[in-house]
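Engineer: structure of the sequence below:
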Amino acid sequence: MTFPLHLTYAGHATVLIGMDGVRLLADPVLLDSIGPLRRQMSAPNPAEWALDAVLISHAHQDHLHLPSLRLLGPEVHLIAPRGAGGLLQRQGFHHVEELRVGETAAVGDLWITATPAAHSNSRLPFGPTVECLGYVIGGSR
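Structural biologist: Modelled structure (predicted):
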């Protein structure tokens, strides 16, 4: 049996992905604004989402946005580039899984493989320099 694929755009780089009964959230920015970014739609309510994992593509503050991640709670399963785990754990997150390009994580019936992404890889002004990732998500599709 295959389950439908659902994609919900939630602003900036934030996308809710539903496939095979698993719900993933990519690069959550859940506030009305951060720096020069201003939300053009209503802010999503993360309490309405039963998330299985959050994908972080890189350490820039508009993709690894700590205030938004805090809205999801300290037990949220975070999948992030290798080297970002220390920052996330120091911020109180308990379930951090780090990947390098080519490595795969399993979430429910899905597999998530990290792919290379060409982008600046530092978190200014004092954050870690980590690899930038894309992700290939597979399951019944």
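
Engineer: switch to C-alpha atoms for all contacts and neighbour counts from now on
Structural biologist: Fine.

Engineer: would you point out which residue is most central in this structure?
Structural biologist: Nearest residue to the geometric centre of the chain (Cα atoms, centre = their mean): L55, 2.5 Å.

Engineer: now that residue: how far from A105?
Structural biologist: Between L55 and A105 the distance is 11 Å, computed by Cα to Cα, to the nearest Å.

Engineer: and for W49?
Structural biologist: Relative to A105, and taking Cα to Cα, W49 is found at 21 Å.

Engineer: now L16. Nearest residue, chain neighbours left out?
Structural biologist: L25 (4.5 Å; Cα to Cα, 6 or more residues apart in numbering).

Engineer: where does that neighbour fall, phi/psi-wise?
Structural biologist: phi -120, psi 130 (degrees, to the nearest 10).

Engineer: quick check, pLDDT for it.
Structural biologist: Predicted confidence (pLDDT) at L25: the value is 94.

Engineer: check contacts around it.
Structural biologist: T14, V15, L16, I17, L51, A53, V54, L55 (Cα atoms under 8 Å, 6 or more residues apart in numbering).

Engineer: what number of residues are in the vicinity of the second one?
Structural biologist: The tally of other residues near V15 (other Cα atoms under 10 Å) stands at 19.

Engineer: that one is in contact with V29, isn't it?
Structural biologist: No: if you go by Cα atoms under 8 Å, V15 and V29 don't touch, sitting 9.6 Å apart.

Engineer: give me the phi and psi for H77.
Structural biologist: phi -80, psi 110.
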